[in-house]
Each structure stands twice: as C-alpha cells, then as structure tokens.
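Sequence isn't available, so here's the structure alone:
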C-alpha cells in the first residue's frame, strides 16, 4: 500500500485527505480542514506550512498531490490561492515527497466522470468510492478527490510504462518488420 495525501489549498480553509492505495483499491485514512484565523496572509501561509508539515510527519505519506491554481474572476483571490498552494508544496518538498499537480477539471473527471461536476457530486462520489459512513465537508472531499485522482493517474502511468517496457522492439518506432 502507498499512502497518498491530497491537498485542496485555500487562504481561509485548506482541505486535506489521506488514502492508502494499492493496485486495485483505495482506503480512507483521514481527512479534514486546516481552518485559518483572520490574520495577515503571511501568518496564514506559515500556519498552512506548519499544519501540512505536521500531517506529513504524523501520517508519513509517500506521495503528495495538490490542485493547480485555476483562473479566478478576482486576480487577488487567485494570487492568494497560489500562495497557499505554494506553502503546502514547500512543506512536501522539504519532507522529500514528489509533488503531483492536477487541474480541477481533471480531478472531477477522474472521480465523478465529468469535468464540470459540482461540489455535491464530488462529495457523493468520494463518499461512495471510499465507503465512508458520513459525507466529508466540501474542502475535505475535494482533497480526497485529489488523492483519488492521483492514485488513478499514477496507476495508469505505471501500466503504460510497464507496457512500453515489454513491447516488442519491432514496433518501437511504429514499423512492422
């Protein structure tokens, strides 16, 4: 089993979700929200860094996945989101974890089947796929969806890589001898 942490960054609330995954299944470990007080942004960024660092130390994931910054109507909000994301990524890099980044539409497509899914659909599918007894909050569900997306994507990449390594050399360049 590999332990994967997904992070849904935000400057007011940062969601996290941790799963254990093997080749065929994913199992829920924990999830929640890092709630940030109404302080100056630099202080909140330090709290995100510290909280994510603590999660990494406590749960020892081996892979880290985070949502990419999306274009927001408000450029200031997008900048704050990017900074929150950066604080979480720095915590992962300092812990020696590889960082995978996914677009929101890719995450929704991987978990729900539609890149335009709404928050309620993501919550429902995460609850079903991980056989949760209750529905996680939106931020925690998004973070779990990021972890599930990473699990699926990396499994597919491994399959493609292993298929390439066993492909007959006569087809390596698209030629049939």
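Perfect, thanks for sending it. Note that the structure is a prediction, hence the values are computed from the model and not measured. Numbering: from 1, shown residues only.

Can you classify residue 154 by secondary structure?
What DSSP: H, G, I helix; E, B strand; the rest coil gives for residue 154 is helix.

So it sits against residue 100, correct?
Yes - the pair formed by residue 154 and residue 100 meets the contact definition of Cβ atoms under 8 Å, at 7.3 Å. (Glycine included, C-beta is placed from N, CA and C.)

And the lowest mean pLDDT element among the helices and strands of this structure?
Sorting the helices and strands of the chain by mean pLDDT, DSSP states H and E puts helix 138-165 at the bottom, at a mean of 84.

Buried residues, it. List them.
Residues of helix 138-165 classed as buried by neighbour count (16 or more other Cβ atoms under 10 Å): 138-151, 153-155.

Kindly list the main-chain dihedrals of the residue nearest to residue 80 when sequence neighbours are not counted?
Leaving aside its chain neighbours, residue 80 sits nearest to residue 11 (4.1 Å; criterion: Cβ to Cβ, 6 or more residues apart in numbering). Dihedral pair for residue 11: phi -80, psi -10, per degrees, to the nearest 10.

Give the full set of residues in contact with residue 27.
1, 19, 20, 21, 130 (Cβ atoms under 8 Å, 6 or more residues apart in numbering).

Run through the strands of the protein in chain order.
Ranges of strands within the chain are 2-8, 13-21, 26-35, 63-67, 99-102, based on DSSP state E.

I'd like those as a markdown table, with distance to residue 86 and mean pLDDT appended.
Formatted as a markdown table, those follow (distance: least, Cβ to Cβ, whole Å; pLDDT from 0 to 100):
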| stretch | distance to residue 86 | mean pLDDT |
| --- | --- | --- |
| strand 2-8 | 11 | 97 |
| strand 13-21 | 12 | 97 |
| strand 26-35 | 15 | 97 |
| strand 63-67 | 10 | 97 |
| strand 99-102 | 11 | 96 |
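
I'd like those strands as a markdown table, with distance to residue 91 appended.
Below are the strands of the chain laid out as a markdown table (distance: least, Cβ to Cβ, whole Å):
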| stretch | distance to residue 91 |
| --- | --- |
| strand 2-8 | 9 |
| strand 13-21 | 11 |
| strand 26-35 | 11 |
| strand 63-67 | 9 |
| strand 99-102 | 10 |
